[in-house]
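Visitor: any chance you could fold what I've pasted below:
(chains A and B)
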Amino acid sequence: MAFAAFGGGAPAKDNSTKRKGGPIVLVLILPGLIYLGLFFMTPLLSLLVTALESPDPSGAIGAYLYDLNFGNFATVVTQYMPQIIRSFGYAFAATVFALAISYPLAYFIGVKLRGSPLIQRLLLTLVIAPFFISFLLRTIAWKQLLSDNSGFVALLHNLHILAPTSYFIGTDAAVIFGLTYNFIPFMTLPLFTNLERLDIRFLEAASDLYANPRKVFRKITLPLSMPGIISGTLLTFIPIAGDYVNASRDFLGSSKTSMIGTMVEADFLQNWNYPSASALSVLLMALILIMVTFYVRRSGTEDLL
Amino acid sequence: MAKSNAFAGADLELIDIRKDFPGFTALDDMDLTIPAGQFFALLGPSGCGKTTTLRIVAGLETPTFGQVLLGGKDITAAKPHERPVNTVFQSYALFPHMTVLENVAFGLRQRKVADAQKLAVDALNLVELGHLAARRPQQLSGGQQQRVALARALVNRPSLLLLDEPLGALDLKLRRQMQIELKAIQLEVGLTFLHVTHDQEEAMDMADIVAVMNKGRIEQMGAPEVLYDRPKTVFVSKFLGQSNLFVGEVVEKNATSVSIEVGGNKITVDKKRAEKHTGKIAIGVRPEKADFHEKKPKLSADQIVIGPGEIIDIRFTGVSNQYLIDIPNVGEITVFAQNIGKSPEVELGAKVYVSWRVEHSYGLSDLPTGSSEA
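Guide: Predicted structure coming up:
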């Protein structure tokens, strides 16, 4: 049908009203297609090609030849198994914490504060406010606040939560804390957009039908806010799984908290092992794709996404 | 539905209810008793407080003062889910993420009633929607959704069923049909129904007792025929049907009747049909109770004759003709004449006299606004 767009004006006249995708639509989506082709498809193909390369026989560091070396994937899976498991473990934990913090917050702003739009907007601004400062700076700031000689760590020592010789920075908890903190707005905003439109009349109807407040939440509010929960968890889980800042030893992590992203960074920038880094990236992408597909299917909200 | 007699509705009593919202009072000194098994209608214009009353009974609003008793038990402080009351909401509020059957079974499931599934299916069959049980509410038409909402409330066998303008969103034909069905179901199950509506025909057609509300108060309460035949206030006489009102000083009074003088005409009302017997009062008559004549009728004690006046408008509405007659010093009077081939053939501008029987006059307790200079 698109051929008509280039075939001169005459044939377009009699069927232009019937077609949905006319020449104008094509012109409008062209910039987007070019953008996707240049900046998404090209790097992706390059990544796939690199992931299958073999070391140069000369043994020169950082030199690789085009190949179909699928063994790279087996190598990265065995070599980086702990980081793969840790990445998804961290991502899962941080997503759960972000949801636990964001849901009540979004509910409060979106439902309880409906009567006072001014306070509603003020609180929303506060949710987004951290974005005004670079997240690297904020994470560094947390590193200072939670450092080994901080009041926070002293408190943990005094309360005997932490052994006197242990500290907070560099632990799993510190990384999960940083990930949760940095990604909370990505959870809160989609939840807010959903809960803001939650029809209170459904909740009233449920309580009229003998459901106590807890049941109203479980049977009505929660299922109706599922689309918000799904988009919020996807928007946090996916980037967290690939994050390499929080877990880095320069920020909140240590050598014991490295994630997939940390290893990709190391392979690319320090070890110059491009095929390994690429294979690991492709693996991360594939794993996320599989998990997300499964998750969305399970929650039965494909049509809501 | 033989077992329907196993449960009966309960009396509802509202005692001295007041409800303040920021900036205005929605209800004031509201006293109301609805006997068990009655179909009771709260009728009033939007903003009169009828929906607030219903929400207070459902527990969705808390009264500022006053008590709500159901079957003699004080439920003022009870939460909505603790009250044996169910509501058919104006918007239906059917849960979009559940099937029709799950919607209907919801209340039963919450109370862990055995056989919830079977009872829900029965309720759907009662409203003739059993074949749509597996659908989602969004897939149903407005009338079907309304019936699902009704089934969802009825299946719980509440002591009191609240109806919040549930027919408001339906078109006229469907509305009439649903009114008949709703009334039939009420008679069949014998529950107490509290129906909130602004549609006076709907209220008069369905309810055993109608309470007319205005500005947060009940103006008058009674059987529809009584309310229509003997309205006591200007608001009721105008909200329930149409009224011709005449305002004047009482000039004559005897044991059985009171008369006022309006523009040289004497208008009489039976003493027992008048709220006030002295000073300036308003007397009304329904347009269909009045007649007009081209020749002045003979005066008799039980007839009121005023005029002559001029016919200034004639409107044909099918079953009746509506005539607007302007009588000097009295004002405009509406007269309905049924189209049964007997009404006089008159033209615009004709000089006519208006008459009606004294027993059809009613005396009101208040005066129409802007009548002080008359």
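Visitor: so what's residue B:364 closest to, chain neighbours aside?
Guide: residue B:282 (4.5 Å; C-beta to C-beta, 6 or more residues apart in numbering or on different chains). All C-beta atoms are positioned from the backbone trio N, CA, C, and that covers glycine.
Visitor: give me the pLDDT for that neighbour.
Guide: Predicted confidence (pLDDT) for residue B:282: 94.
Visitor: if I pick it, what's in contact with it?
Guide: B:234, B:245, B:246, B:247, B:363, B:364, B:366, B:367, B:368, B:371 (C-beta atoms under 8 Å, 6 or more residues apart in numbering or on different chains).
Visitor: which of these count as buried?
Guide: For the contacts of residue B:282, a neighbour count by 16 or more other C-beta atoms under 10 Å in any protein chain shown gives the buried set as B:234, B:245, B:246, B:247, B:363, B:364, B:367, B:368.
Visitor: now for those residues, which pair is the farthest apart?
Guide: B:363 and B:368 (13.2 Å; C-beta to C-beta).
Visitor: one step back: what's the closest of the contacts of residue B:282 to residue A:80?
Guide: Out of the contacts of residue B:282, the member with the shortest distance to residue A:80 (by C-beta to C-beta) is residue B:234, at 86.1 Å.
Visitor: all helices of the stretch 101-250 of chain A, in order?
Guide: A:117-128, A:135-145, A:151-158, A:172-196, A:200-208, A:213-216, A:222-224, A:226-241 (DSSP state H, counting those that start in this stretch).
Visitor: tell me which of those sits nearest to chain B.
Guide: The closest of the helices of the stretch 101-250 of chain A to chain B is helix A:200-208. By C-beta to the nearest C-beta, the value is 3.8 Å.
Visitor: tell me what the closest one is packed against?
Guide: Applying 3 or more C-beta pairs under 8 Å, 6 or more residues apart in numbering or on different chains; DSSP states H and E, one finds that helix A:200-208 contacts helix A:213-216, strand B:85-88.
Visitor: what residues does it touch?
Guide: Against helix A:200-208 from outside (C-beta under 8 Å, 6+ apart): A:111, A:213, A:215-216, A:219-221, A:224, B:58-60, B:79-81, B:85-87, B:89, B:91, B:93-96, B:106.
Visitor: who in the stretch 101-250 of chain B is up against chain A?
Guide: Neighbours of chain A within the stretch 101-250 of chain B, by C-beta under 8 Å from any C-beta of the partner chain: B:106, B:107, B:110, B:111, B:152, B:153, B:156.
Visitor: returning to what we had before: quick check, nearest of the buried ones among the contacts of residue B:282 to chain A?
Guide: The closest of those, once distances to chain A are taken by C-beta to the nearest C-beta, is residue B:234, at 35.5 Å.
Visitor: how about the residues of the stretch 151-300 of chain A by chain B?
Guide: A:199, A:201-202, A:204-212, A:215, A:219-220, A:223-224.
Visitor: hang on, the earlier thing: show the buried residues in the contacts of helix A:200-208.
Guide: Applying 16+ other C-beta under 10 Å to those flags A:111, A:215-216, A:219-221, A:224, B:58-60, B:80-81, B:85-87, B:89, B:91, B:93-95, B:106 as buried.
Visitor: which residues touch residue 76?
Guide: In the absence of a named chain, this looks at chain A. Neighbours of residue A:76 in contact, by C-beta under 8 Å, 6+ apart: A:276, A:279, A:280, A:283.
Visitor: other chain: chain B
Guide: Shown in contact with residue B:76 (C-beta under 8 Å, 6+ apart): B:62, B:63, B:66, B:67, B:68.
Visitor: ranges for the helices of the stretch 1-150 of chain B?
Guide: Under DSSP H, counting those that start in this stretch, the stretch 1-150 of chain B gives helices at B:50-58, B:100-110, B:116-126, B:142-154.
Visitor: can you redo those as a markdown table with mean pLDDT?
Guide: Formatted as a markdown table, the helices of the stretch 1-150 of chain B follow (pLDDT from 0 to 100):
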| stretch | mean pLDDT |
| --- | --- |
| helix B:50-58 | 93 |
| helix B:100-110 | 95 |
| helix B:116-126 | 91 |
| helix B:142-154 | 90 |
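Visitor: closest to residue B:254 out of those?
Guide: Here helix B:50-58 is closest among the helices of the stretch 1-150 of chain B (C-beta to C-beta), at 40.8 Å.
Visitor: where do the strands sit along chain A?
Guide: Using DSSP state E, the strands of chain A run over residues A:54-55, A:64-65.
Visitor: any weak-confidence spans in the stretch 251-374 of chain B?
Guide: B:342-344, B:370-374 (pLDDT under 70).
Visitor: for residue A:9, give me the pLDDT.
Guide: 37.
Visitor: same question for residue A:12.
Guide: At residue A:12, pLDDT is 40.
Visitor: cool, and the one 10 residues further on?
Guide: Per-residue confidence for residue A:22 comes out at a pLDDT of 78.
Visitor: report how many residues lie close to it.
Guide: 18 (other C-beta atoms under 10 Å in any protein chain shown).
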